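Trainee: how would this look folded up:
(2 chains)
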Amino acid sequence: MKMTLRMVTANRLHDGAVVYLAADDDWTRNVESGLAANTEDADKLMTTAEEAVHNQLIVAPYLIDVEVDVQSSRPVRPIRFREQIRAKGPTIFAPAAE
Amino acid sequence: MYQYDQTDHTLTRERVTEYRDQVSRRLDGNISEDDFRPLRLKNGLYMQLHAYMLRVGIPYGMMSSDQLRMLAYIGRKYDKGYGHFTTRQNLQYNWPTLEDTPDILENLASVEMNAIQTSGNVNRNVTSDPLAGVAPDELEDPRPYAEIIRQFLTLHPEFSWLPRKFKVAITGAEDDRAAINVHDIGLKLLKNEAGETGFRVLVGGGLGRSPFIGKVIREFLPKDDLIRYIQAILRVYNMEGRRDNMFKARIKILVHELGIEKFASLVEEEFQASEEDVLFLGQAEEDRIKAFFAAPDYADLSDDSPEVIEMSSGNEAFAQWLERNVLAHKQAGYSIVNLSLKPLGGVPGDITSDQMDAVAGLADTFSFGQIRATHRQNLVLADVAKKDLPSLWQELVDLNLATPNLDRISDIICCPGMDYCSLATARSIPIAKRLSERFADLDTLLNIGELRLNISGCINACGHHHVGHIGILGVEKNGEEFYQITLGGSSSEDADIGQIIGPAFSSEDIIDAVEKLVGIYISNREDDERFLDTYRRLGKAVFKEALYDAA
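Mentor: Below you'll find the predicted structure:
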């Protein structure tokens, strides 16, 4: 079973990398390790994110919808196509990319 | 090419020092993101989907081999080993970190480069004909004037907070390879009836969500008045341009809303009022700048090259490249060589650091150490001796830079799209890759000829879709990518904005749709008509009907 919950994403200040808010106010590069919440609790996630902005960890946080596996309550993937690309990187092979 | 004087050096180095301090204060938390954003943008640093993006200015696309080597070095050391040439003759890095950007700018400054005014509401890189100074159809080299405008508008205090960004393009040739009709100001060198050389001045052209072809504001502007007249246009724009709505803030909207007559009269008034300003260009300054662009020391060579004749007769691939990618030069015994950054299945405009180093070396060996970037996202070696063409071709083949597709269907202008860009509504690069694969053999098989296909991943039109003979615009519909086709556009002397042909196609169907359009052209073309000519002769209805009928 899957359901839709919300997560906070942002770009890391010092290198611009895409990150997701995880447990213990941590930020992860991996969408599947992020913290998902229902709509009411999403505000709390944003409050945590604003603190991280204040502490020069991240910039421009915002909420996204994610598909969550109910059993494990782990995020599976973002709902919007744009966010899927942000989560996985460019869909095309770049010449000498990692 | 132009070389920095003490003022340029000081200005660029001072800017690096200032920026380094700003970045350090940002990382320490002494500047907020809101305060820092305009500062980083003034130095070409954006935040994109996955990372920061740094845009490096390449004035009118001219690079020395040392500069290109530095761009290669930066790509390798601070990025992922590649860069991306843009439609404004600049180069972008997709993966720099904020912490590294001061060092990148310092490296750039060491080779007389910077990222000043590659973003923000200021005058951007002045673009020009990539064949400036070498094209046979040229009246006069436009680069000295591009450089003079660059100097005038770099860090100009009065024009540092324009309503919106501002773009100037200039050409001195008959064939418009600088897209002057779709720039805020377009300039064309021409002669008046008295035989004097001056400029035709266009204003208010542009693409984006409201595309316009530029309107002639002055049929002939004497050279000496160039700077003062540009000042007058910018002053009127600065005062009258809209600041309440970002989407209506470009000069094209002002010109459209006032009408060209009214706008021209305001400019004329301002121009007359500034007669006392010391902005007279003058022969001495003109000559000083022109000297930087003097022709290289050409050898006395014949146009008949036995090396080329011999290679052409036995080697079909070379002959095809020669026919398609090599252009006539004004100097006997020399050719203009286009390096395609549109290989089969590649990302248009992308180039690896290894390729950049190799091209720099080829420029040193074969083309007086200079390279040009084109607004169609390719490179040019402008001064190659004909006898060297076979050896150069072999090297380019090994580097995958010899795809024989200049101005053909796979020579696609393509924005980064949703693979990189935070503004995009759909991906554009995968469409370009699939089209290049689809037409790899068909191009030659059907002898499609000149066909300019441009792709944008959103309405901001960085991929110039409005002026493609075939334009493709990526949009999002219910969370899925769709692609709208426009036909009949052009950015050359026959400039026009393409017309939307009908409902958008899914990502799956768009490639077939383009092939169908090409098929309609092939079965209707007369004599040596290009796709664009056939479309304009037959009109939209014929293409629309055939495209959607059997679909």
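
Trainee: now stretch B:112-124, how far from the chain's geometric center?
Mentor: Taking CA atoms, centre = their mean, to the nearest Å, one finds the center of stretch B:112-124 at 15 Å from the center of the full chain.

Trainee: Could I get the CA-only coordinates of it as PDB?
Mentor: Only the C-alpha atoms of stretch B:112-124 are listed here, as PDB (Å, rounded to 0.1, in the frame of the first residue of the first chain):
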ATOM      1  CA  GLU B 112      41.200  38.100 -18.900                       C
ATOM      2  CA  MET B 113      37.700  36.600 -18.400                       C
ATOM      3  CA  ASN B 114      34.900  37.200 -15.900                       C
ATOM      4  CA  ALA B 115      31.300  36.500 -15.200                       C
ATOM      5  CA  ILE B 116      30.300  40.100 -14.700                       C
ATOM      6  CA  GLN B 117      26.800  40.900 -16.000                       C
ATOM      7  CA  THR B 118      26.100  37.400 -17.200                       C
ATOM      8  CA  SER B 119      22.900  37.600 -15.100                       C
ATOM      9  CA  GLY B 120      20.800  40.200 -13.600                       C
ATOM     10  CA  ASN B 121      18.900  43.200 -14.900                       C
ATOM     11  CA  VAL B 122      21.800  44.700 -16.700                       C
ATOM     12  CA  ASN B 123      23.300  44.700 -20.200                       C
ATOM     13  CA  ARG B 124      24.400  41.100 -20.900                       C
END
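
Trainee: Rounded mean pLDDT for that stretch, please.
Mentor: Mean pLDDT, computed over stretch B:112-124, is 96.

Trainee: try stretch B:129-145
Mentor: Along stretch B:129-145, the predicted local confidence has a mean pLDDT of 97.

Trainee: Now do it: distance from first to last residue.
Mentor: One end of stretch B:129-145 sits 12 Å from the other (CA to CA, to the nearest Å).

Trainee: what does stretch B:272-282 give?
Mentor: Comparing the first residue of stretch B:272-282 with its last one, the separation is 18 Å (CA to CA).

Trainee: mind checking the SS state of B:D494?
Mentor: coil (DSSP: H, G, I helix; E, B strand; the rest coil).

Trainee: Find the nearest non-adjacent residue to it, please.
Mentor: Setting aside the residues directly before and after it, B:D494 is nearest to B:L532 in space (CB to CB, 6 or more residues apart in numbering or on different chains), at 7.6 Å. In this view, the C-beta of every residue, glycine as well, is placed from N, C-alpha and C.

Trainee: So which residues on the stretch 401-550 of chain B come close to chain A?
Mentor: B:M418, B:D419, B:Y420, B:A424, B:R427, B:I429, B:P430, B:K433, B:E476, B:G479, B:E480, B:E481 (CB under 8 Å from any CB of the partner chain).

Trainee: Closest one of these to chain A?
Mentor: Taking CB to the nearest CB as the measure, chain A lies nearest B:D419 of these, at 4.0 Å.

Trainee: from memory that closest one sits against A:R82, does it?
Mentor: No: in this structure, B:D419 sits apart from A:R82 without contact. The criterion is CB atoms under 8 Å, and the distance is 10.6 Å.

Trainee: which residues do the two both contact?
Mentor: B:L49 (CB atoms under 8 Å, 6 or more residues apart in numbering or on different chains).

Trainee: Of those two, which one has the most company?
Mentor: Between B:D419 and A:R82, counted using other CB atoms under 10 Å in any protein chain shown, B:D419 has the larger neighbour count: 23 against 19.

Trainee: which non-adjacent residue is nearest the more buried one?
Mentor: Nearest-residue entry for B:D419: A:P90, 4.0 Å, with adjacent residues in sequence omitted and distances by CB to CB, 6+ apart.

Trainee: State whether the one you found is indeed within a helix.
Mentor: No: according to three-state DSSP, A:P90 belongs to no helix; its state is coil.

Trainee: Okay, now the unreliable bits of the stretch 151-300 of chain B?
Mentor: Counting by pLDDT under 70, the stretch 151-300 of chain B contains low-confidence ranges at B:278.

Trainee: Now do the helices in it.
Mentor: Under the criterion DSSP state H, counting those that start in this stretch, the stretch 151-300 of chain B contains helices at B:226-240, B:251-258, B:260-273, B:283-292.

Trainee: Let me know which of those is the nearest to chain A.
Mentor: helix B:251-258 (28.2 Å).

Trainee: Report the inter-axis angle for the closest one versus helix B:226-240.
Mentor: 70 degrees (axes from the mean of the first three to the mean of the last three CA atoms, to 10 degrees).
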